[in-house]
Structure formats: C-alpha cells, structure tokens
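Trainee: Model the following, please.
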Amino acid sequence: MAACFLFVCLEARALELSSAQTRGNPSAVTVTFSAGVTEASATNVANYSVNNGVSVSNLLMLESGKVRLFTSLIAEGQVYTLTVNGVQDRAVPPATISPNSQIVFLQTQGIIARKEFDNITGTLVSDLTNNVKFPSQPDSVSYLTGLEAPSNIGDNYGQQILGFVTAPLTGGYSFYIASDDQSVLFLSTDTSPVNKQLVAAEIGWNTSRLWIGELNDRLQIPTSFVAGDFFVEAEDFDYGGGQHMLAADSMAYLGGAYVGLSAVAEVD
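Mentor: Model (predicted):
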C-alpha cells in the first residue's frame, strides 16, 4: 500500500508597527504592534528612536502588543517619525520586526484624523457610510489640530473624522455640530470605538459655527463623562453649495470656569 503524507505549511506573518499616538501627551508615545511582542525586546530603549531631537528615556509594557515610550518634549503640530529595530513577537521561533521600521505621528491636543471620500452621490450621511469606499478606502487622509474640517473645498464628497479627546473634569457635557450638509457626531464612553454613542447631529444643513439656530433641524444629547480620554467620530456629507463641519462642546459651570474638551476647536 502506498504511503500518504500530509504537509501543512504555515506562512509566518511579519511583525509590523500598527500605530504610534501621543493622545495629547507631550512627553509620551503609545506604540501598537501587529502582534504580541516579548517584553524584553519591546522595552529595550535602544530599539527606539525619534527624529527632530526627541529622545526616548524609558518604556512601559501596557499590553502584549502595546508599549508606551516616555520621551523628551514633543512639540505640538509637528510631524515625527518613530524608528524601531530589534523588537520580536512571541511566536516560536520569534519573528523580528524589519530593520528600521518606521511610522509617523503628530502631536496635538488630541489625535484627530480626517478621511475624505470623493465623487460620492446622494444627500445623506448614509450615502457616505453605505458607499463601498467607506471607511477603509479614503481618497485622502489629513490630520487636524481640532474638530473643524476645511470649508469650501468641493462638492459631492463625504468625510470622516476620528480621534481622541480628553475630558479634563468629571461632569455633564453638551456637544454641538454645525455642517453643510448633513452630519453626525459620536463619542465613546471610553477609548474604544465599540462603545460610541450618538451625541449630536445636523439633520439638514446650517451655517458654519451656528450652534443654536434652526433647532428643528438638529439633534443634541447632553452626556456625562468621567475625566479621562474618549474616542470621537464624526461623519459629514456634502452634495453642493458651501461646505464645512465643526464640533463643539460646553460643560457645566465648575470651579469658576467653563472647561471644554482639549481637542475641540470651539467651546460654546
């Protein structure tokens, strides 16, 4: 009888950098890898370098595939490049990240990315979110220092804004959004997009930064938050005319001042 042999070939996946984010911290960068990494290699200061004069002084293992780099001062509004060497995953045998692997990050008061999706027809936010391009095939990606998108840049396009904001104090917040045309604003109860909830919407359209006009045309839901970091997301669709999208928040009177979220451009 002839012998039969079964061979199973497993293709090893390369270890890569998934993200690098300051989340508003001017002296720390949170780095996420595509897989779990060994603590010995991932917390070795010699395996990391940042350009533009930023030095890495210490590291902290947060999760199996995530570490926090403690650094010298990271200037706001400047783009930085993180270079990583020598980090290994937990496979047997371990895979080592490609030499001089790099990823860029931006220091702002929050982390706000803007994705633009061009040449989309329709009039509603759902025309954007139901399009085959959304959310993983944007025509362009840019980074913002606040929750305000560019104005008057074209027609028949949608945009998505993603990032993190920081609530400096525990309390009740009210969020507003003004856009042309329709838009929605979500905020998570923590840093996970899974827990996002609708907090404001522009059902039709409105003038830029007009927060309280035409109340029949908008939705605003007061929300309470414990001080900390939160995931924020907004979608907007424009089919013609003027174009803009801007979110804002207000907070109850606390300690002698109105305190707003640090990544938001306009505090009401």
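
Trainee: Need the nearest residue in space to residue 160, chain neighbours excluded.
Mentor: Leaving aside its sequence neighbours, residue 160 sits nearest to residue 115 (C-beta to C-beta, 6 or more residues apart in numbering; 4.6 Å). All C-beta spots, glycine's among them, are computed from the backbone N, C-alpha and C.

Trainee: Which residue lies nearest the spatial centre of the chain?
Mentor: Closest to where the C-alpha atoms of the chain average out (C-alpha atoms, centre = their mean) is residue 163, at 2.6 Å.

Trainee: Confirm that it sits in a strand.
Mentor: Yes. Under DSSP: H, G, I helix; E, B strand; the rest coil, residue 163 sits within a strand.

Trainee: From residue 136, how far off is the spatially closest residue to it that is not a sequence neighbour?
Mentor: Nearest residue to residue 163, sequence neighbours excluded (C-beta to C-beta, 6+ apart): residue 112, at 3.8 Å. Distance of residue 112 to residue 136, computed by C-beta to C-beta, to the nearest Å: 18 Å.

Trainee: again, but for residue 195
Mentor: Counting by C-beta to C-beta - residue 195 and residue 136 are separated by 21 Å.

Trainee: Ok, residue 88 next?
Mentor: Taking C-beta to C-beta, one finds residue 88 at 29 Å from residue 136.

Trainee: okay, those two: which has more neighbours?
Mentor: residue 88 (18 against 7; other C-beta atoms under 10 Å).

Trainee: Per the annotation, how does this structure divide into domains?
Mentor: 17-106, 111-267 (automatic domain parsing).

Trainee: need these in JSON lines with mean pLDDT, can you?
Mentor: Listed next are the domains of the chain as JSON lines, based on pLDDT from 0 to 100:
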{"stretch": "domain 17-106", "mean pLDDT": "92"}
{"stretch": "domain 111-267", "mean pLDDT": "68"}
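
Trainee: What is the burial count for residue 91?
Mentor: 14.

Trainee: Can you show me the strands along the stretch 101-250 of the chain?
Mentor: 101-106, 111-118, 140-144, 157-167, 171-180, 183-188, 196-202, 218-220, 223-225, 228-238, 244-251 (DSSP state E, counting those that start in this stretch).

Trainee: Output these as JSON lines; include the columns distance to residue 48.
Mentor: Putting the strands of the stretch 101-250 of the chain into JSON lines (distance: least, C-beta to C-beta, whole Å) gives the following:
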{"stretch": "strand 101-106", "distance to residue 48": "10"}
{"stretch": "strand 111-118", "distance to residue 48": "19"}
{"stretch": "strand 140-144", "distance to residue 48": "22"}
{"stretch": "strand 157-167", "distance to residue 48": "22"}
{"stretch": "strand 171-180", "distance to residue 48": "36"}
{"stretch": "strand 183-188", "distance to residue 48": "29"}
{"stretch": "strand 196-202", "distance to residue 48": "32"}
{"stretch": "strand 218-220", "distance to residue 48": "43"}
{"stretch": "strand 223-225", "distance to residue 48": "33"}
{"stretch": "strand 228-238", "distance to residue 48": "23"}
{"stretch": "strand 244-251", "distance to residue 48": "34"}
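
Trainee: Am I right that the residue nearest to residue 163 is in contact with residue 148?
Mentor: No. Residue 112 lies out of contact with residue 148 (C-beta atoms under 8 Å); the separation is 9.3 Å.

Trainee: quick one, which of these two is more surrounded?
Mentor: residue 112 (25 against 21).
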